[in-house]
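[1] Return atomic coordinates for the entry below.
(chains A and B)
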Amino acid sequence: MIYNELPFDVIVCGAGHAGVEAALAASRMGASTLLLSGNIDTIAQMSCNPAIGGQAKGQMVRELDALGGEMAITTDVTGIQFRLLNESKGPAVQAPRAQCDKKAYQFRLKHTLELQPNLQIFQATVTGLLYKAGKVVGCQTNLDIDFLGQTVVVTTGTFLRGLMHIGQNKNEGGRLGDFSAKSLSSSLTEAGIQLERLKTGTPPRLLGRSIDFSKMEEQKGDLQPTFFAFHDTRGPEEMFHVEQSGERRIGWAPGSEQVSCWMTHTTAQTAEIVRANLSKSAMYSGEIVGVGPRYCPSIEDKFVRFADKPRHLLFLEPEGRSTNEYYVNGLSTSLPFDVQLDLVHSIPGLERAQLLRPAYAVEYDFAHPTQLFPSLESKNVENLFFAGQINGTSGYEEAAVQGLVAGVNAVNKVRVTAPMLIQRNEGYIGVLIDDLVTKGTREPYRMFTSRAEYRLLFNHGSAEFRFLDHAKTYNLLSNNRIKNIEAKQAKVTHWVDYLEKNRSTGGTWADAIRRDRVGAVLPDELIRESAPVRDEVVYRVSYQGYLAREQRQVEKLSQIEKIRIPADFDYPAVRGLRRESSLKLAEFKPMTLGQASRISGVNPADISILMVLIGAEAGRGRDAS
Amino acid sequence: MPRSSDTIAALATPAGTSALALVRVSGPDTAGFAQDIFGAPPPPRHALHADYRAKDGRLVDDVVATFFPAGNSFTGEDSLEISCHGNPFIAQTILEDLFARGGRPAGPGEFTQRAFLNGRMDLSQAEAVMDLIHARSERALAAANQQLRGGLGRRLNDLTERLLGALARIEAYIDFPDEDLPKEDRAIVRRTLESLAAETERLLATSHYGELLRDGIKTVIIGAPNAGKSSLLNRLVGHERAIVSAEPGTTRDFIEERIIVGPHCLRLIDTAGLNPAPGSIEKLGMDKSLERAAEADLILLVLDATTALPTLPEFLAKLLSTDRTLVALNKSDLLKSESFDLEIYSNLRSVSISALTGAGIDPLITEITRMVDFFQPTGQDDVIAINARHADALTRAKVSLQAALANLAASGPVELLASDLRGTLAAYGDILGKVDNERMLDQLFATFCIGK
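    Next up is the predicted model:
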């Protein structure tokens, strides 16, 4: 049957971290939205470690919060341990990280979705997409119910032809205990979308009371937690705004009653077990064809690639307040279950540990993200958007930010308004999307701060200022919050200007801050400002020279960023281009010269040629900006 | 793409009398022109010995013509090279005939530009070819060839790779603070940066040398009026270019000549005489002479051995450093005694010459060559001479490296250290092309065991 005669504005297939942000963004913009999930009990499930944030990811979550995303606030109210990473280093590379209560996190998000106006949730597995004249018009489900939609956002995670490996044992599914989306792959392939395999893995889960924590080192949370959401620009009513419905929500006072993680390490015996059983590992026996990430190696990989490193650090992370389950960070493996048992028991404190779930590797289909526009719309099929692991990324945070961008742009598409395009120089979200759509990826893509050219401009505290224009243009934040952000920004600008212009002892206040750094004296009135304002002011003043330099680079580069390449540009006809460049450019169809310059294999000479030609065409009356 | 719609032609060899002159033609009409001129289509890439007949049927010269079809020619278009006899009149007639047939004169560098636009060469090759065209001496030729083969490219690649290694060591501790990394060792980073700074400096030092190679070594001839400056210039050039007269002060405008001395190209600049009691017009000329001397790479101080040593302006005396000043003690033919006391100039190298008879000119040239050889940076196994664009990028690289080293010495914020290293990387990339961040990550993951 066809469920609806009047199509939804946006249908979101998948309710993981990308799907929930897409659905919330679209419905909050006022679009009629449908969220389909194969199992609504696992909405926003953390399939791997029970933590949000960390280096680069933490900054992205704050950027997401600046665009009205839900991940930050959910983390804050369901977090059970908070740590600011790189505290000893400068603000630009400091990042918040939190252990979350896995169940509380997903229950709260499910509840948020349930209370969201314009949003409908339905449990069904999407089996195929409906196309009409090169456009997507809806989707089919395993229940033989079809849904019509003007746009469709696909967020399949690891479920697209998901195949799990434990040694030689294989199970179909995107996550242990869950199903696999099989026919959707062929539906995508039929529309001309190229798919390929990736692999990722997860470690075993252990029963806490079988662990001897006395043999481990404790890692506590920060006494002063750093939160993800910008609480200072939210009114108290917004902090828990869903409570206005009168319903009781899951969550607690952010930062209260933190719990600890525990550190242990592998032993010589662990190494021996791994080496002796290497041929039984799915990764090493050739069972797995998908490419895994370099930054998240299995324990097999660690002992093989870094054979001279005697031991590897492991973290025991609690999965929540109301469970005794522990996640063993660092022990990802695809070895058979019996070997996993020996492996776990060779580790100090885990000698008698009980496994609740085994470690496994999972292979899944992803679609090369170079088949997308920077709006995350497919180049092959109009009105079809992709977000999350299907685009080759890894991580909840990477998925969530794409979800929001895809959701916003699906609505823009329905309303025939310009897409929200986040540039590389605006924040990590821009870097992520630009890397994906211009360069693609061969391993699960994770964000690092070192991927950003303008890292110093991307300190987490400035995210609200950097994304304010987008938030206003697309109406992503409440008017009240916009007003508060603008007031905060005015204060920061005022104080930076004041410190540069007014004299303290031995020069201006700014000179004193740059000279004395941490110990610098501040004007009393500035000390009375809120900590976020003060921190941002001091950051901008003390790093002034470097920030100005990065700003100049941004401006210089944004010039070629603005030169648009006509969509029908005929690369093969340009005789000056080298064949490799011509093929790549024709394949990736960059929208701007800036994007073209970042495609690997396209060299400065090629860009000069394009610049000459596009410039020449522009000179003949075409608009080049 | 809009292909070149017109056909260009130009003389490829320097203007003036020589054994052979080469006229080059490129563009879509080339094959048609050749058919008309020689009566038959020339075979591709084979030298054709034939009569050049102008449009009106008149025989111009017997020439050797080679036709290069589009694709494999220098410009990537149909092109034709015509070797004719080196009489300027013949070459000019051929060019005018080609223009009469519908060709047009090539603009400066237009052949190279077409080659570049047709993908026959990359930016640095194009620059090297420009240098090759302008090469005025063997050394410049060697440097241009070297760069064409990627001598500079190889060095920069090596510097970039080492820089990426240092950057990976910094980035690992920024991006993976929770990982079990070995204790951070900034000493390794410091040593790498020091060697990079030194090598960048060495490459940068070739910048001035590169200029010397391309533009010639600016050699200013100075001395008192009538000391024989113009005669020396004429002697070195081998023909009378300057106005030589016995009346002092005849050279008011500067006379410039290029000469090849051994492997080097010298730009000889004759100046007005330095008169201790000048007239007002002479004063003007003298001031200009001093200005020239201040900019000189090499100063040839001409002294008259038959008169008392002149008193030179103090400003000039300061310019006369031993490494770039050579005294030509002129009129040795008129000198009675064997020795001459150079007094205050005795610390400078000097050669006795007679501009009139030519005596001592060979030893003078030997001495010039020896001094100029010193301008070449030492310790280089091959000749690299960077151009102004390279020098600009390398200067930025050097500044960033120095900032990074200062940061290391002061244990400054690590993200600023990384920012300076990225600045260096971007500067190297301005010569070689953008360096993909993946290369840094490759080094990072190869060096450190990262991953939960």
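[2] and A:Gln168, what does it touch?
    Each residue near A:Gln168 by C-beta atoms under 8 Å, 6 or more residues apart in numbering or on different chains is listed here: A:Lys280, A:Ala282, A:Ser285, A:Glu287, A:Pro336. All C-beta atoms are positioned from the backbone trio N, CA, C, and that covers glycine.
[3] want to throw those into TSV with secondary structure, distance to A:Gly461 and pLDDT?
    Below are those laid out as TSV (DSSP: H, G, I helix; E, B strand; the rest coil; distance: C-beta to C-beta, whole Å; pLDDT from 0 to 100):
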residue	secondary structure	distance to A:Gly461	pLDDT
A:Lys280	helix	49	90
A:Ala282	coil	43	84
A:Ser285	coil	48	80
A:Glu287	coil	46	79
A:Pro336	coil	47	95
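[4] what's the most distant pair in the residues you listed?
    Spatial extent of the contacts of A:Gln168 (C-beta to C-beta) is set by the pair A:Glu287 and A:Pro336 at 11.1 Å.
[5] Model confidence at the residue in the stretch 301-450 of chain A that chain B sits nearest to, what's the number?
    At 3.5 Å from chain B, A:Leu313 is the closest residue in the stretch 301-450 of chain A, using C-beta to the nearest C-beta. On the pLDDT scale, A:Leu313 is placed at 93.
[6] what does A:Asn86 give?
    93.
[7] likewise the one 4 residues further on?
    According to the model's per-residue confidence, A:Gly90 sits at a pLDDT of 85.
[8] Tell me, how many residues neighbour the closest residue to it other than its chain neighbours?
    The shortest distance from A:Gly90 to any non-neighbouring residue, by C-beta to C-beta, 6 or more residues apart in numbering or on different chains, is to B:Pro413 (4.3 Å). Using other C-beta atoms under 10 Å in any protein chain shown, B:Pro413 is surrounded by 20 other residues.
[9] Just send the contacts of A:Gln168 back as JSON lines, with neighbour count and distance to A:Leu372 too.
    Below are the contacts of A:Gln168 laid out as JSON lines (neighbours: other C-beta atoms under 10 Å in any protein chain shown; distance: C-beta to C-beta, whole Å):
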{"residue": "A:Lys280", "neighbour count": "17", "distance to A:Leu372": "39"}
{"residue": "A:Ala282", "neighbour count": "27", "distance to A:Leu372": "31"}
{"residue": "A:Ser285", "neighbour count": "14", "distance to A:Leu372": "34"}
{"residue": "A:Glu287", "neighbour count": "18", "distance to A:Leu372": "31"}
{"residue": "A:Pro336", "neighbour count": "18", "distance to A:Leu372": "38"}
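[10] Roughly how far does the residue nearest the centre of chain A sit from A:Thr441?
    In chain A, the centroid-proximal residue (C-alpha atoms, centre = their mean) is A:Glu398; its distance is 1.2 Å. Going from A:Glu398 to A:Thr441 by C-beta to C-beta, to the nearest Å gives 11 Å.
[11] Give the rounded mean pLDDT of the host helix or strand of B:Arg235.
    Here B:Arg235 sits within helix B:229-237, counting by DSSP states H and E. For helix B:229-237, the mean per-residue pLDDT is 84.
[12] same for that helix, what does it pack against?
    The contact analysis (3 or more C-beta pairs under 8 Å, 6 or more residues apart in numbering or on different chains; DSSP states H and E) places helix B:229-237 against strand B:217-223, strand B:255-261, strand B:264-270, strand B:298-304, strand B:325-330, helix B:361-373.
[13] again, only this time at 6 Å
    Judged by 3 or more C-beta pairs under 6 Å, 6 or more residues apart in numbering or on different chains; DSSP states H and E, helix B:229-237 is in contact with strand B:217-223, strand B:255-261, strand B:264-270.
[14] what's the closest of those strands to chain A?
    In terms of C-beta to the nearest C-beta, the element of those nearest to chain A is strand B:264-270, at 29.6 Å.
[15] starting at the chain centroid, how far to stretch B:397-413?
    Computed by C-alpha atoms, centre = their mean, to the nearest Å, the chain-centroid distance of stretch B:397-413 equals 32 Å.
[16] what's it in contact with?
    With C-beta atoms under 6 Å, 6 or more residues apart in numbering or on different chains as the test, stretch B:397-413 has contacts from A:90, B:186, B:190, B:193, B:196-197, B:200, B:416-417, B:420-421, B:423-424, B:427-428.
[17] for chain B, what are the nearby residues on the stretch 401-550 of chain A?
    A:Phe448, A:Thr449, A:Ser450, A:Arg451, A:Leu456, A:Tyr546 (C-beta under 6 Å from any C-beta of the partner chain).
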